[in-house]
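> one predicted model, sequence on top.
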Amino acid sequence: MKKLLVLFLLLTILTGLAISSSQSYEQQSLVSTLKQILPGEPGKTTLSSLEFSYWNRIISVEERGYYHFVEFLIRKTAHFLTFGFLALVIYWLWPKRKGRLLGAALLTLILACADELHQSFTGGRTATMQDVYLDMAGALTFLFLAAAFHLIQDVRKR
């Protein structure tokens with residue numbers, strides 16, 4: 001039953017990724033929602049000190065505006081977390097033997113590349129290796145935490 005639940009979780013994540021990758025930027029934009037829930041631009045001073053280089057462009061509050069910058073942070077956090085959880089679910093489903101972590105990481109990498117490829121066919125979207133790197137940073141972070149958790153459990157059993 002537990003494996004079935006985890007398999008359902010995997011299918012849910014993959015379906016969500018497929019739907020998300022099929023939508024244009026305009027369909028996914030959070031800017032109007034952010035304007036409603038964050039009136040007065042809270043934290044603008046702090047966020048104004050941040051700046052990222054992404055797809056050969058500078059992303060900052062000054063360059064993009066407060067709401068577009070917050071949306072950028074939300075989208076990139078979603079990449080990190082989604083692929084982190086995806087890697088963890090794959091890890092849970094992978095047979096418990098040597099190479100489990102590597103297998104989960106490699107399959108997640110393939111899925112991250114496939115997701116970006118899928119986005120390249122969607123109008124108003126860009127496929128970038130920077131997103132694959134971010135996806136894998138999330139995956140490797142979550143897999144490292146899972147391995148550390150298992151190591152701690154093994155030490156406690158002894």
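Right, received. Where do you want to start? Numbers count the residues shown, from 1 in each chain.

> got the contact list for stretch 141-157?
Stretch 141-157 has contacts (Cβ atoms under 8 Å, 6 or more residues apart in numbering) with F80, G84, F85, A87, L88, Y91, L101, A104, A105. (Glycine included, C-beta is placed from N, CA and C.)

> for T128, grab the count of nearby residues.
By other Cβ atoms under 10 Å, 15 other residues sit near T128.

> nope, V61 is what I meant
Neighbour count for V61, taken as other Cβ under 10 Å: 21.

> same check, this time on S49
S49, neighbours per other Cβ under 10 Å, totals 8.

> so it, which state does it fall into?
coil (DSSP: H, G, I helix; E, B strand; the rest coil).

> check D135 too.
helix.

> any idea how far it lies from A87?
9 Å (Cβ to Cβ, to the nearest Å).

> shared neighbours, the two?
In contact with both D135 and A87: T108, using Cβ under 8 Å, 6+ apart.

> so these two - more neighbours on which side?
Just comparing D135 and A87: by other Cβ under 10 Å the higher neighbour count belongs to A87, 28 against 25.

> ok, now which ones touch that one?
A104, A105, T108, G138, A139, L140, F142, L143.

> so which strand or helix has the last one?
Looking back up the chat, that one is L143. If you go by DSSP states H and E, L143 is part of helix 129-157.
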